[in-house]
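**Student:** The following block contains a protein sequence and its predicted model.
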Number of protein chains: 2
Amino acid sequence: MAEAEFARPIVTVDIVLLTLHEGRLCVALLERSAQPFLGVPALIGGYLHTDEDADAEAAVRRILKAKAGLEGIFFEQLGTFASARRDPRDWSVSIAYFALVPQGALKGAANPLELRPVEAAGELPFDHQEIVTAALARLRGKGAYSTIPARLLPEVFTMSELQAIYETVMGERLDQSAFRRKVNDLDLLEVVEGEKRQTERARRPTTLYRLKTPVAVFDRRI
Amino acid sequence: MAEAEFARPIVTVDIVLLTLHEGRLCVALLERSAQPFLGVPALIGGYLHTDEDADAEAAVRRILKAKAGLEGIFFEQLGTFASARRDPRDWSVSIAYFALVPQGALKGAANPLELRPVEAAGELPFDHQEIVTAALARLRGKGAYSTIPARLLPEVFTMSELQAIYETVMGERLDQSAFRRKVNDLDLLEVVEGEKRQTERARRPTTLYRLKTPVAVFDRRI
């Protein structure tokens, strides 16, 4: 005997796409191309396509490519927002993800993404403000214990750029020598041999680094 | 213009209900009362009822009450497992939760729950093994930085019982004086005045504690 089935809810995926823009952490929004909220900037998202998506992550990859021209970027499940009240159409489930892209990676985007500072994203349709808030809390919580914030940088970066990205994500100033000591203790970085960069301020060229592993989680707050 | 709708997937909630039993962290399983896997022990779960559940958490509360006789227990969203392959019936979304109950709280359960050690839960239907593994990883990750493991204890407990629960959850021995120092530094507990317990080993009655706040998240590993 099978349990009686109930009316199925709408299922979508929504993506909080974060990037650095003019030194601030920004969320990428896209004008909605359909009702409800036609023409209103919202999180990048869409229906799960049960006929073609193997799983929720496949839906995320399909939507990021189709709606933002993005491939191969870091994303992670954030949480699911499911209620009778979040969508005027019907009982609705949004499996939400957060994604990080380096500054500049959105230039090739097929659609005109609007970048708004996460702290001042303004009113958004559905419960998208709540989803953005959850993404920021997750990033700040994990940021202190992982290399996830470094996904906002290009593959190769200076130590100052790395510290600046942690400061931007965490929203606080970090002591330079304590930061460098922790990064060294945790053995996160490798020097990019043969490459240095001449910055405006430094007299000698600056050493460039890359992450040893793309995402590492560690025990101590950075 | 509304975007064309796609066939909607099945949506269920599944709950990894953890408790302490004979000194081990155990997951509570329930024999399935419907196809598929009729009669097979599985995670407590069921369809989302779009006609009566206001949100996913309401579905969790309804199912915990109806299927396990439990009310007012701690639960938290774990993650969503969504794919074409996880359920023989159809494309399926499981919004998974983990819940913690003190030892003994399952005695009044309406249904005969089977308790299996989480580390040896054996084969489970659907992707329930994967969900249990994710719950254990979450509990261990959060356990080191929160008071969540204390939800496995009765409201009032001794310092030794608190240390034992962290050791059971983390799967490792903790140094007694370091543990007590950290608990004191974090200011997590309050003494239950006028209550002491005579234990077998101690010559004097043991001080009893309760948590100051039910769930606290802290910065340092306990």
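**Tutor:** On my side now, so go ahead.
**Student:** Can you give me the buried ones in stretch A:180-191?
**Tutor:** Buried positions in stretch A:180-191, judged by neighbour count with 16 or more other CB atoms under 10 Å in any protein chain shown: A:K182, A:V183, A:L188, A:L189. Using the backbone N, CA and C atoms, a C-beta is placed for each residue, glycine as well.
**Student:** And those, which is closest to B:P36?
**Tutor:** A:L188 (45.7 Å; CB to CB).
**Student:** Contact partners for the closest one?
**Tutor:** A:T147, A:L211, A:K212, A:A216, A:F218 (CB atoms under 8 Å, 6 or more residues apart in numbering or on different chains).
**Student:** circling back to that earlier point, from the buried residues of stretch A:180-191, pick the one nearest chain B.
**Tutor:** A:K182 (13.9 Å; CB to the nearest CB).
**Student:** starting at the chain centroid, how far to the longest helix anywhere in chain A?
**Tutor:** Looking only at chain A and at elements set by DSSP state H, the helix with the highest residue count is helix A:128-143. On the basis of CA atoms, centre = their mean, to the nearest Å, helix A:128-143 sits 9 Å off its chain's mean C-alpha point.
**Student:** go on, stretch A:187-199?
**Tutor:** 25 Å.
**Student:** Next: stretch A:174-192.
**Tutor:** 23 Å.
**Student:** if we can go back for a sec, now the contacts of A:L188 in TSV, please, with extra columns for pLDDT.
**Tutor:** Listed next are the contacts of A:L188 as TSV, based on pLDDT from 0 to 100:
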residue	pLDDT
A:T147	91
A:L211	93
A:K212	91
A:A216	85
A:F218	79
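**Student:** Can you tell me which of these are also in contact with chain B?
**Tutor:** Restricting the contacts of A:L188 to those within reach of chain B (CB under 8 Å from any CB of the partner chain) leaves nothing.
**Student:** Using neighbour counts, trim these to the buried set.
**Tutor:** Buried among the contacts of A:L188 (16+ other CB under 10 Å): A:T147, A:L211.
**Student:** can you list the domains in chain A?
**Tutor:** Domain ranges of chain A: A:10-142, A:148-211, per automatic domain parsing.
**Student:** Give me the secondary structure label for A:V60.
**Tutor:** helix (DSSP: H, G, I helix; E, B strand; the rest coil).
**Student:** surely it meets A:L17?
**Tutor:** No: the criterion here is CB atoms under 8 Å, and A:V60 misses it with A:L17 at 10.4 Å.
**Student:** what residues are shared contacts of these two?
**Tutor:** With CB under 8 Å, 6+ apart, A:V60 and A:L17 have common neighbours A:A99.
**Student:** picking up where we left off before, tell me which residues in the longest helix of chain A are buried?
**Tutor:** Buried residues in helix A:128-143 (16+ other CB under 10 Å): A:H128, A:I131, A:V132, A:A134, A:A135, A:L136, A:R138, A:L139, A:K142, A:G143.
**Student:** packing partners for that helix?
**Tutor:** Counting contacts by 3 or more CB pairs under 8 Å, 6 or more residues apart in numbering or on different chains; DSSP states H and E, helix A:128-143 packs against strand A:10-21, strand A:24-31, strand A:41-47, strand A:74-83, strand A:92-101, helix A:159-170.
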